[in-house]
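Q: The following block contains a protein sequence and its predicted model.
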Amino acid sequence: MKYGIYFAYWEKEWETDYLPYLERVKRLGFDILEISCAALQNASHESLRELKEEALANGIILTAGYGPGPNENLASPDPAIVKHAISFYTDILKKLEYLDIHTIGGGIYSYWPVNYQLPIHKQKDWERSIKNVRTIGKIAETCGVDYCLEVLNRFEGYLLNTVWEAREFVQAVDVPAVKIMLDTFHMNIEEDSITDAICAAGAQLGHFHVGENNRRLPGKGSLDWSGIGRALRTIHYDKAVVMEPFVMQGGSVGRDIRIWRDLSHNADERQLNEDAASSLSFLKHVFSGPYSDYTNH
């Protein structure tokens, strides 16, 4: 497994300059920096080239995440929105191909965060999303990108809340590049058993996010990281494990993630860095233990 961290651990806005973080995550011991596609929409070719070259120079793998807005909703009943969404993802996937990014994950089958003041028509949205994700999945495949559908908790999404729904959805899409993405924060809310859910995803698991029950770094909450590690080893998961902690209030990140108090304990940049490095060491330790027997799954 390769270990990474999402840039927004240090940031309050989705659109930012990722270049300073490449050297930082390398120094802290990470293999991967995950960026948001928000900063790629209007990026110049020169800025993309610089990001690609700097990542290569630091030996850092890039992965991408995205929470699409309402006008990028592949489940929308509005043909104009779907047309725009397909154009948007086509452009993003070509940029990811240029950047040598082979994984994108998030609620990239619907939109985020969901506006629950609007009516919800899950079955119809489900059917439209399958059709349109199949179209985008084929484009992703030609770009060499795994298109990973994140299973979200009920407060942030409604189409895919459990791994069982994700399995059914991915099977219906039937495009090899379309895979499941799991996140321990969301799983802690929705799954009966996190370890069972990981085993149920099996070979379909394309991307994995880790964060505590309280959205802090692994090791600063109550999740069973040893059990999670055993489940990942049982399915022979060898892809990215990306930390996605959110600890600072304020800005568009704090607003969208609903961080209404400082979860960093007033940490400055130095302390944030030390906490990230410590969590990485902890996670590598607990994820490197012996295999466990989940043969009944």
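A: Yep, it's here.

Q: what's the helix or strand for residue 81?
A: In this structure, residue 81 sits in helix 79-98 according to DSSP states H and E.

Q: Report the backbone C-alpha coordinates of that helix in PDB.
A: Provided in PDB are the C-alpha atoms of helix 79-98 (Å, rounded to 0.1, in the frame of the first residue of the first chain):
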ATOM      1  CA  PRO A  79     -30.400  17.000 -19.900                       C
ATOM      2  CA  ALA A  80     -28.500  20.300 -20.000                       C
ATOM      3  CA  ILE A  81     -26.900  19.600 -16.600                       C
ATOM      4  CA  VAL A  82     -26.000  16.100 -17.700                       C
ATOM      5  CA  LYS A  83     -24.500  17.400 -20.900                       C
ATOM      6  CA  HIS A  84     -22.400  20.000 -19.000                       C
ATOM      7  CA  ALA A  85     -21.400  17.300 -16.400                       C
ATOM      8  CA  ILE A  86     -20.100  15.000 -19.200                       C
ATOM      9  CA  SER A  87     -18.200  17.900 -20.800                       C
ATOM     10  CA  PHE A  88     -16.700  18.800 -17.400                       C
ATOM     11  CA  TYR A  89     -15.600  15.300 -16.500                       C
ATOM     12  CA  THR A  90     -14.200  14.700 -20.000                       C
ATOM     13  CA  ASP A  91     -12.000  17.800 -19.600                       C
ATOM     14  CA  ILE A  92     -10.900  16.800 -16.100                       C
ATOM     15  CA  LEU A  93     -10.100  13.300 -17.000                       C
ATOM     16  CA  LYS A  94      -7.900  14.500 -19.900                       C
ATOM     17  CA  LYS A  95      -6.100  16.800 -17.500                       C
ATOM     18  CA  LEU A  96      -5.600  13.900 -15.000                       C
ATOM     19  CA  GLU A  97      -4.200  11.800 -17.800                       C
ATOM     20  CA  TYR A  98      -1.700  14.600 -18.600                       C
END
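
Q: buried residues in it?
A: Within helix 79-98, the residues that count as buried by 16 or more other C-beta atoms under 10 Å are 81, 82, 85, 86, 88, 89, 92, 93, 95, 96, 97. Heads up, the C-betas are built off the backbone N, CA and C, glycines and all.

Q: and which of the residues you listed is nearest residue 195?
A: Of all these, residue 195 sits closest to residue 96, with 31.1 Å by C-beta to C-beta.

Q: coming back round to it: now, which of the buried residues of helix 79-98 sits nearest residue 208?
A: Once C-beta to C-beta is applied, the member of those that ends up nearest residue 208 is residue 96, at 18.6 Å.

Q: Tell me how far that closest one lies from residue 66.
A: 10 Å (C-beta to C-beta, to the nearest Å).

Q: okay, and the common contacts of those two?
A: Here residue 96 and residue 66 share the contacting residues 37, 104, scored by C-beta atoms under 8 Å, 6 or more residues apart in numbering.

Q: for the chain, what spans make up the strands?
A: 2-6, 32-36, 61-66, 103-106, 146-150, 178-183, 205-210, 240-243 (DSSP state E).

Q: Serialize those strands to CSV and add fields for distance to residue 282.
A: Below are the strands of the chain laid out as CSV (distance: least, C-beta to C-beta, whole Å):
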stretch, distance to residue 282
strand 2-6, 11
strand 32-36, 17
strand 61-66, 21
strand 103-106, 23
strand 146-150, 24
strand 178-183, 18
strand 205-210, 11
strand 240-243, 11
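
Q: among the ones you listed, which is nearest residue 255?
A: Of all the strands of the chain, strand 32-36 comes closest under C-beta to C-beta, at 14.7 Å.
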